[in-house]
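In: Just the structure for this:
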Amino acid sequence: MNRDSIWRNFDFWMLGVTIVLVVFGILMIRSATTDAVDPDLVNRVPDQIRFFIIGLLVVVGLAAFDYRILGGIQMWLYLFMMAILLAVFFFGVEGDGGARSWLNVGIRIQPAELAKIIIILTLAQFLTQRYQQMRSIKTVIASAIHIGPPTALVFIQPDLGTTIVFGVIWLVLIWAAGLSIRHIVIGVVLLVVAAPLIWSQMQPYQQARITTFIDPASDPDGYYNINQSLIAVGSGGTLGKGYANGTQTQGRFLRVRHTDFIFSVIAEEFGFVGGSVVLVMILFIIMRVLRAARLAADVYGSLICYGIAAIIFFQTFTAVGMNLGVIPVTGLTLPFVSSGGTSLLTLLAGIGIVQSVVMRRRT
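Out: This is a model prediction of the structure:
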């Protein structure tokens, strides 16, 4: 296929809805940080705009780049991922939640976010090379070993939310590659057996989030923000109180409203209708990514798309769930909407790679 015919396959619908979602997110971050005096909060909107502009360039650049080349350099990508995660371990700085998840390289970046995309690229190539051997338990174990080291480095930052995302990526990709039901059952059993060990290695604040979710009365202060989130969502009603008019948001009763709890801001200011429209747009993007997986010219491209769809779906499900108090708080952002430059850039890079896959589909 020549270059002109490739660009005819560019998915403008997916990019267009993504842009609308990001712009709306910037407006919601502005509402959530109105009248802020903390320099970090004051800079959230301009930072998000800068990363958005860079992200659009990344989308076009990655779309023009043949994704199959990334499979050929998977070892270098894996080593780069390990290097930046190790750099966090030795030189990382603390973020808002106390986790040592950031690197200061002139600008602050969160390597674990970049690692989400890189692990999809490397694991997808790993499974593509063993596509005919997925019925073997050895292949499943080998894939777990592949994803194990970066997952461990993220876990000890500590970043439980991203650790879970890594696990979801692994499960989705090995299932898409042909994992048998027998292996799934074995995996569930092993997870149950390992649960006490995982619990013992979690930080006290991570354990507290889970125990508070199960029994809110055990830690009223810890449950405070969940309660404020529920008040914000409930008070929004059908159409909301209007942009920048949310009492829980503007009164600063709701904490981390620009990141973890931005869906509550949306629900309070635009109501059930506004929140539903946002979720429909995210669902539309997921469906377009799955369409790219279906049209992909090879297994590698298909697995990449499944992995990126998994990130968007799981983070959306988790972000909305913790805003509604139905799952524990994990610190995951609402894709394309929450404040977070590295997160936004990573998701836009994912969209760019999906565009590369769909543009080089079978004709």
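In: Moving along the chain from the helix or strand bottoming out on mean pLDDT in the chain, name the first helix or strand you hit.
Out: Lowest by mean pLDDT, DSSP states H and E among the helices and strands of the chain is helix 204-214, with a mean of 65. Counting by DSSP states H and E, the next helix or strand C-terminal to helix 204-214 is helix 220-235.
In: which parts of that following helix are buried?
Out: For helix 220-235, burial by neighbour count (16 or more other C-beta atoms under 10 Å) applies to 222, 223, 225, 226, 228, 229, 230, 231, 232, 233, 235. In short, each C-beta sits where N, CA and C put it, glycine included.
In: would you list every one of the helices in the stretch 251-363 of the chain?
Out: Here the stretch 251-363 of the chain has its helices, by DSSP state H, counting those that start in this stretch, at 262-295, 299-323, 341-359.
In: Same question for the stretch 1-150 of the chain.
Out: Here the stretch 1-150 of the chain has its helices, by DSSP H, counting those that start in this stretch, at 3-7, 12-32, 39-42, 44-64, 67-72, 74-91, 111-129, 137-155.
In: if we can go back for a sec, in CSV: the buried residues of helix 220-235, plus distance to residue 76 and pLDDT.
Out: Listed next are the buried residues of helix 220-235 as CSV, based on distance: C-beta to C-beta, whole Å; pLDDT from 0 to 100:
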residue, distance to residue 76, pLDDT
222, 43, 63
223, 46, 73
225, 42, 79
226, 43, 83
228, 46, 87
229, 42, 88
230, 47, 89
231, 49, 90
232, 45, 89
233, 45, 89
235, 51, 89
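In: Look up how far residue 248 lies from residue 281.
Out: Going from residue 281 to residue 248 by C-beta to C-beta, to the nearest Å gives 24 Å.
In: Please read the previous query as pertaining to residue 15.
Out: Counting by C-beta to C-beta, the separation of residue 15 from residue 248 is 33 Å.
In: and if you look at residue 320?
Out: According to C-beta to C-beta, residue 320 stands 17 Å off from residue 248.
In: neighbour count winner among the two?
Out: More crowded of residue 320 and residue 248, by other C-beta atoms under 10 Å: residue 248, with 24 against 21.
In: Now that one. Nearest residue, chain neighbours left out?
Out: Leaving aside its sequence neighbours, residue 248 sits nearest to residue 232 (C-beta to C-beta, 6 or more residues apart in numbering; 3.9 Å).
In: I figured that neighbour was touching residue 254, is that so?
Out: Yes. Residue 232 is within contact range of residue 254, at 5.6 Å (criterion: C-beta atoms under 8 Å).
In: Show me whatever sits in contact with both of these two.
Out: Here residue 232 and residue 254 share the contacting residues 248, 261, 264, 265, scored by C-beta atoms under 8 Å, 6 or more residues apart in numbering.
In: Output the contacting helices and strands for whichever strand or helix holds the first one.
Out: Secondary structure here is read from DSSP H and E; on that basis residue 248 sits in helix 247-250. For helix 247-250, the contact count by 3 or more C-beta pairs under 8 Å, 6 or more residues apart in numbering; DSSP states H and E identifies helix 12-32, helix 220-235, helix 262-295 as packing neighbours.
In: Which positions in that helix come out as buried?
Out: Buried positions in helix 247-250, judged by neighbour count with 16+ other C-beta under 10 Å: 248, 249, 250.
In: I'd like to know which of those is nearest to residue 149.
Out: Set against residue 149, the nearest of the buried residues of helix 247-250 by C-beta to C-beta is residue 249 (40.4 Å).
In: In which helix or strand does residue 198 reside?
Out: Per DSSP H and E: helix 181-201 holds residue 198.
In: Report the distance from that helix to the chain centre.
Out: Remark: helix 181-201 is offset 23 Å from the chain centroid, using C-alpha atoms, centre = their mean, to the nearest Å.
In: Now do it against helix 137-155, angle only.
Out: Here helix 181-201 points in a direction 30 degrees away from that of helix 137-155 (axes from the mean of the first three to the mean of the last three C-alpha atoms, to 10 degrees).
In: Show me which of the buried residues of helix 220-235 is closest to residue 105.
Out: Residue 105 lies nearest to residue 225 out of these, by C-beta to C-beta, at 31.1 Å.
In: That closest one against residue 257, yeah?
Out: No. Using C-beta under 8 Å as the test, residue 225 is too far from residue 257 to be in contact (9.1 Å).
In: how about low-confidence regions in the stretch 1-150 of the chain?
Out: Scanning the stretch 1-150 of the chain for pLDDT under 70 picks out 1-4, 95-99.
In: any idea which of the buried residues of helix 220-235 is closest to residue 8?
Out: For the buried residues of helix 220-235, the closest approach to residue 8 (C-beta to C-beta) belongs to residue 233, at 42.9 Å.
In: hang on, the earlier thing: make a PyMOL selection of the buried ones in the shared contacts of residue 232 and residue 254.
Out: Filtering the shared contacts of residue 232 and residue 254 down to the buried ones (16+ other C-beta under 10 Å) takes a single PyMOL command:
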select buried, resi 248+261+264+265
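In: Return the member of the shared contacts of residue 232 and residue 254 nearest to residue 103.
Out: Proximity of the shared contacts of residue 232 and residue 254 to residue 103 (C-beta to C-beta) peaks at residue 261, which lies at 25.4 Å.
In: What residues does the closest residue to that closest one other than its chain neighbours make contact with?
Out: Closest residue to residue 261 apart from its sequence neighbours, by C-beta to C-beta, 6+ apart: residue 229 at 5.3 Å. Residue 229 makes contact with 254, 261, 264, 323, 324, 325, according to C-beta under 8 Å, 6+ apart.
In: tell me which of these is nearest to residue 49?
Out: Closest approach between the contacts of residue 229 and residue 49, by C-beta to C-beta: residue 261, at 21.2 Å.
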